[in-house]
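A.B. asks: Mind folding the following:
(chains A and B)
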Amino acid sequence: MTPTLIWTLVVLAAIGLYLSWTAGRLDRLHARIDAARAALDAQLLRRASVAQEVATSGVLDPAASIVLYEAAHGARQAEEEQREVAESELSQALRAVFAEAQQVDAVRDAPGGDEAARELTEAVRRVPMARRFYNDAVGAARRLRGHRKVRWFHLAGHAAFPMSFEMDDEPPSALAERAAA
Amino acid sequence: MRIGIVCPYSWDVPGGVQFHIRDLAAYFIRLGHEVSVLAPADDDTPLPPYVVSAGRAVPVPYNGSVARLNFGFLSAARVRRWLHDGAFDVIHIHEPTSPSLGLLTCWAAQGPIVATFHTSNPRSRAMIAAYAILQAALEKISARIAVSEYARRTLVEHLGGDAVVIPNGVDVDFFARAEPKPEWQGGTIGFIGRIDEPRKGLPVLMKALPKILAERPGTRLLVAGRGDEEEAVESLPAELRPQVEFLGMVSDEDKARLLRSVDLYVAPNTGGESFGIILVEAMSAGAPVLASDLDAFAQVLDQGAAGELFANEDPDALAEGALRLLGDPGRRAELRERGSVHVRRFDWSTVGADILSVYETVTAGAAAVAAADDERGAGPGLRARLRLARD
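C.D. replies: Purely as a prediction, here's the structure:
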């Protein structure tokens, strides 16, 4: 064998290793996205469930109950394409209902309300967290997938191009303050 | 939950990150979680039962100063053994960009990783050169935490991606309950920090001092921290020097008592701060705070609502602010009250719960994905068998 041939083989092997390492990186990123998405779904579902529970508990006035129930129900039933809008509407409804600290106190004073208020506070805090972790993972995968080497060699395989989850997740001020206080 | 925490700096050297990790570990242990901390330490230093030594850190020149880092074969092996023995549900790495234990753990670890970014250093040349390597390691981190909005911004600019902001924690009641010391009371200004580190800003305070003493001659400055005391007062006229008292290194208890005693705490830091834990400690102890208007400080002081700010590196502005506060007991009382309400958000009960929320969020997601894989009955795929997947 000529030295040229050996060198060619060495270089090809090195390129192959590098590509397989990159494919591994990408695979790990996709796994991270799946995990982050599962976490985000769990937090959103939890928020909607607690909101629905509070809405049907009879602690709130009838108007607030209906607004909150409607939004929570909408968020739980939303199709994938409408999900971001429905969840944003739930955020807005929660903000409208819990704009004042007295409303939170009213929930707390009801039997079993302390638990519900704590769960709701936790849920509105965790949704933005989970969403930020998910979008962070999506961003990392998109950056890597934008690379020439990934596009030319189809290293991403059949995995769908990841999309970030955009919604209004601003927590109600009365609940956010309590989380901080 | 089994929690593994990685500390990048020597456990035997006092520092902000080390204290943060110590208090965080104590908080989790109190709640009944299992915690193991991996930290560089000399083999003969006594360690608390939850700390595992990663060997001695080696001093090497890095990023313009001498840093004590862990790297190489032995450290990597210790990291792998710690990960293997611990079988952690979640791994929490502090300062993952420093070329030390954090980065080694990132390389070796599998499963959910949480990382806290403490410093907000501008990007170093080494980081640019090693960007691709760094990025591949940082991609494994499922959740990033920045200690302030300012630290988050630097992180987003330099590394891309995003992070949630969770501030550093303080045991507020420890400071609030400390007993004031009579000899430190009565027209006193406090300063805590290394004397010989210009970025802590003692020189700015020394330049402002003659002006303060000209108007309020009885004022005393109490300085706690290590460094050369002679050199620190060099710029001061000889007759004013007795008004400065050096306390040397103080214990945690004395630090709290000092902050409880002084009429005003001054933080003249000129840069390099990404959080400002000392301001939170001062407010917890009920000391009115006057700080330079660094981004991080302004945020901790709620843009000046919980403590006053002065133009950075301007001794005249410092003197003016100090004189105004020392001459106005009403304003000081107001700041004390606002400060003690404001610091509640930095108490460990809040900060620890937030960090635990992050852990639970990432572990829940990872568990859901693992369960889905099991259900599908998918063993390791072809790519995994060829070792193409998951490095």
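A.B. asks: Get me the contact residues on chain A for chain B.
C.D. replies: A:20-21, A:23-25, A:27-29, A:31-32, A:34-40, A:42-43, A:122, A:125-126, A:128-130, A:132-133, A:135-137, A:139-140, A:143-144, A:179-181 (C-beta under 8 Å from any C-beta of the partner chain). (C-beta placed from N, C-alpha, C; glycine too.)
A.B. asks: PyMOL command for the buried members of the residues you listed?
C.D. replies: Here is the PyMOL command that selects the buried residues among the residues of chain A next to chain B (16 or more other C-beta atoms under 10 Å in any protein chain shown):
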select buried, chain A and resi 20+23+24+25+27+28+29+31+32+34+35+36+37+38+39+40+42+43+122+125+126+128+129+130+132+133+135+136+137+139+140+144+179
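A.B. asks: so which helix or strand takes in residue B:145?
C.D. replies: Element membership for residue B:145 (DSSP states H and E) is strand B:143-146.
A.B. asks: how far does that strand sit from the chain's center?
C.D. replies: From the chain centre to the centre of strand B:143-146 is a distance of 14 Å (C-alpha atoms, centre = their mean, to the nearest Å).
A.B. asks: Which neighbouring elements make contact with it?
C.D. replies: helix A:113-145, strand B:113-117, helix B:149-159, strand B:164-165, helix B:348-376 (3 or more C-beta pairs under 8 Å, 6 or more residues apart in numbering or on different chains; DSSP states H and E).
A.B. asks: who touches the closest residue to chain A within chain B in this structure?
C.D. replies: Proximity of chain B to chain A (C-beta to the nearest C-beta) peaks at residue B:365, 3.0 Å away. Neighbour list for residue B:365: A:34, A:35, A:36, A:37, A:38, A:39, A:40, A:42, A:130, B:112, B:142 [criterion: C-beta atoms under 8 Å, 6 or more residues apart in numbering or on different chains].
A.B. asks: Next one: the fourth one, what pLDDT does it get?
C.D. replies: Residue A:37 is assigned a pLDDT of 93 by the prediction.
A.B. asks: What of residue A:166?
C.D. replies: 92.
A.B. asks: try residue B:319
C.D. replies: At residue B:319, pLDDT is 93.
A.B. asks: Got the phi and psi for it?
C.D. replies: phi -60, psi -40 (degrees, to the nearest 10).
A.B. asks: That one against residue B:208, yeah?
C.D. replies: Yes. Counting by C-beta atoms under 8 Å, residue B:319 touches residue B:208, with 4.0 Å between them.
A.B. asks: Looking at those two, which one has more neighbours?
C.D. replies: Each of residue B:319 and residue B:208 has its neighbours counted (other C-beta atoms under 10 Å in any protein chain shown); residue B:208 has more, 25 against 21.
A.B. asks: Look at that one and give its secondary structure.
C.D. replies: Under DSSP: H, G, I helix; E, B strand; the rest coil, residue B:208 falls in the helix class.
A.B. asks: give me every residue that touches it.
C.D. replies: Contacts of residue B:208 were listed using C-beta under 8 Å, 6+ apart, and they are B:268, B:315, B:316, B:318, B:319, B:322.
A.B. asks: among those residues, which ones are buried?
C.D. replies: Using 16+ other C-beta under 10 Å, the buried ones in the contacts of residue B:208 are B:268, B:315, B:318, B:319, B:322.
A.B. asks: Run a quick neighbour tally on residue 94.
C.D. replies: In the absence of a named chain, chain A is used. Neighbour tally, residue A:94, other C-beta under 10 Å: 26.
A.B. asks: The intended chain is chain B.
C.D. replies: Other residues within reach of residue B:94, judged by other C-beta under 10 Å, total 25.
A.B. asks: excluding its backbone neighbours, what's nearest it?
C.D. replies: What sits nearest to residue B:94 in space, not counting adjacent residues and going by C-beta to C-beta, 6 or more residues apart in numbering or on different chains, is residue B:116, at 5.0 Å.
A.B. asks: Tell me the bridge partners for the one you found.
C.D. replies: Beta-bridge partners of residue B:116, counted by DSSP bridges, are residue B:94, residue B:145.
A.B. asks: Tell me the spacing between it and residue B:371.
C.D. replies: Distance, residue B:116 to residue B:371, by C-beta to C-beta, to the nearest Å: 28 Å.
A.B. asks: more neighbours, those two?
C.D. replies: residue B:116 (26 against 11).
A.B. asks: so the more buried one makes contact with residue B:97?
C.D. replies: No. Under the criterion of C-beta under 8 Å, residue B:116 makes no contact with residue B:97, lying 11.2 Å away.
A.B. asks: quick one: contacts for residue 166?
C.D. replies: By default, I'm working from chain A. Counting by C-beta under 8 Å, 6+ apart, residue A:166 has contacts residue A:84.
A.B. asks: could you do chain B instead?
C.D. replies: B:116, B:145, B:146, B:147, B:351, B:354, B:355, B:358.
A.B. asks: per-residue confidence for the fifth one?
C.D. replies: I take that to be residue B:351. Note for residue B:351: predicted pLDDT of 93.
A.B. asks: Buried residues, stretch A:97-106. List them.
C.D. replies: A:97, A:98, A:103, A:104.
A.B. asks: pLDDT wise, what is the first one at?
C.D. replies: What that stands for is residue A:97. Looking at residue A:97, its pLDDT reads 90.
A.B. asks: With the last one instead?
C.D. replies: At residue A:104 the predicted local confidence, pLDDT, stands at 86.
A.B. asks: residue ranges with poor pLDDT in the chain?
C.D. replies: Using chain A here. A:1, A:177-181 (pLDDT under 70).
A.B. asks: Chain B was what I was after
C.D. replies: Applying pLDDT under 70 to chain B flags residues B:62-67, B:120-127, B:373-391.
A.B. asks: Could you chop it up by domain?
C.D. replies: B:2-169+B:348-385, B:172-344 (automatic domain parsing).
A.B. asks: Including distance to residue A:71, could those domains go into TSV?
C.D. replies: Formatted as TSV, the domains of chain B follow (distance: least, C-beta to C-beta, whole Å):
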stretch	distance to residue A:71
domain B:2-169+B:348-385	23
domain B:172-344	31
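A.B. asks: Looking at these, which is nearest to residue A:6?
C.D. replies: In terms of C-beta to C-beta, the element of the domains of chain B nearest to residue A:6 is domain B:2-169+B:348-385, at 27.8 Å.
A.B. asks: Figure out how far the closest one is from the centre of its chain.
C.D. replies: Distance, centroid of domain B:2-169+B:348-385 to centroid of chain: 14 Å (C-alpha atoms, centre = their mean).
A.B. asks: again with stretch A:49-62
C.D. replies: The answer for stretch A:49-62 is 24 Å, by C-alpha atoms, centre = their mean.
A.B. asks: What residues does the stretch 51-200 of chain B have near chain A?
C.D. replies: So the stretch 51-200 of chain B meets chain A at B:112, B:136, B:139, B:140, B:142, B:143, B:144, B:160, B:161, B:162, B:163, B:164 (C-beta under 8 Å from any C-beta).
A.B. asks: cutoff 7 Å now
C.D. replies: B:136, B:139, B:140, B:142, B:143, B:144, B:160, B:161, B:162, B:164 (C-beta under 7 Å from any C-beta of the partner chain).
A.B. asks: The fifth one reaches residue A:133, doesn't it?
C.D. replies: It refers to residue B:143. Yes. Counting by C-beta atoms under 7 Å, residue B:143 touches residue A:133, with 4.7 Å between them.
A.B. asks: so what sits against both of the two?
C.D. replies: B:361, B:362 (C-beta atoms under 7 Å, 6 or more residues apart in numbering or on different chains).
A.B. asks: tell me the contacts of residue A:68?
C.D. replies: A:51, A:54, A:55, A:60, A:93, A:97.
A.B. asks: Go again with 10 Å.
C.D. replies: Residues counted as contacts of residue A:68 (C-beta atoms under 10 Å, 6 or more residues apart in numbering or on different chains) are A:51, A:52, A:54, A:55, A:56, A:60, A:90, A:93, A:94, A:96, A:97, A:98.
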